[in-house]
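Participant: Below is the structure, and that's it, no one-letter string:
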Ligand code: MLT
């Protein structure tokens, strides 16, 4: 694990390889371990960096009850700069994708290429917000471990192997309750960024697991249709977390996207 300080906040990150920077942004309530197979498999192409977002993994704790997507985006921009790069290839999953779209809105010069994986550009519905607040109450009462069984069912394809199930458990159980609750509120309040998709003028790839029930393939198809020249790829046999469910397929897609092959 390596550490970097960005405007007074310490972020833990894992990195492999050299050269142009690629930043892998995890989802909720996860950490950099989501991307371990990508760091291993793509290190010959890029300096692959997977940070723990604010409040997750080894990074400094959240200091407020709301973890706004804009705050995560500003952290990512600061991280890219502090790591000595003017821009990076961004690969972002789910909540990471919400932050990546905020990064594009606020700091587009930091984004060299963009991969949006199992995510959406729209805001929550009223029912979605209510569901998040119920989940936050549950976490306050029982802790993040209470979410594991439900997440293993909702986030992973029915065929997911032991390695994916146990990696998911480790990440969920390792996320502090405060971070889970602040992230839920940040996501509940996030803006609809569908309007900015048309402004994405860097190479873009939209990826989704064929069995993703949370951000399903039709959502990905709609989003990719609004991004000029974006490619859409659907990964068979994966749910909401292809980096741990189908790591080799994800690596092949990223390799081909980055090398243009
Ligand atoms: C994630 O994987 O980051 C979350 O499922 C996103 C969400 O709850 O909207």
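Facilitator: Thanks, I have the structure now. All of these numbers come straight from a predicted model, not from anything done at the bench.
Participant: Looks like residue 105 contacts residue 69 (just checking).
Facilitator: No. With contact defined as Cβ atoms under 8 Å, residue 105 does not count as touching residue 69 (9.5 Å). Heads up, the C-betas are built off the backbone N, CA and C, glycines and all.
Participant: Counting neighbours, go ahead and name the busier of the two.
Facilitator: residue 69 (25 against 16; other Cβ atoms under 10 Å).
Participant: does any part of the lengthiest helix in the chain sit near the ligand?
Facilitator: Criterion DSSP state H: the longest helix present in the chain is helix 126-142. No. If you take Cβ under 6 Å from any ligand atom as the test, helix 126-142 misses the ligand, and the best it gets is 7.3 Å.
Participant: Tell me if the helix or strand just after that helix is near the ligand.
Facilitator: For helix 126-142, the following helix or strand on the C-terminal side (DSSP states H and E) is helix 148-155. No. Against the ligand, helix 148-155 shows no contacts by Cβ under 6 Å from any ligand atom, the least distance being 6.7 Å.
Participant: next one: helix 148-155 to chain centre, how far?
Facilitator: Helix 148-155 has its C-alpha centroid displaced from the chain centroid by 17 Å (Cα atoms, centre = their mean, to the nearest Å).
Participant: could you pull out the helices for this structure?
Facilitator: 36-42, 69-82, 95-106, 126-142, 148-155, 162-174, 177-188, 217-226, 242-245, 247-259.
Participant: CSV please, covering those and showing mean pLDDT.
Facilitator: Listed next are these as CSV, based on pLDDT from 0 to 100:
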stretch, mean pLDDT
helix 36-42, 98
helix 69-82, 98
helix 95-106, 98
helix 126-142, 97
helix 148-155, 96
helix 162-174, 97
helix 177-188, 98
helix 217-226, 98
helix 242-245, 98
helix 247-259, 98
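Participant: Out of those helices, indicate the one that is most buried.
Facilitator: helix 242-245 (a mean of 28; mean count of other Cβ atoms under 10 Å).
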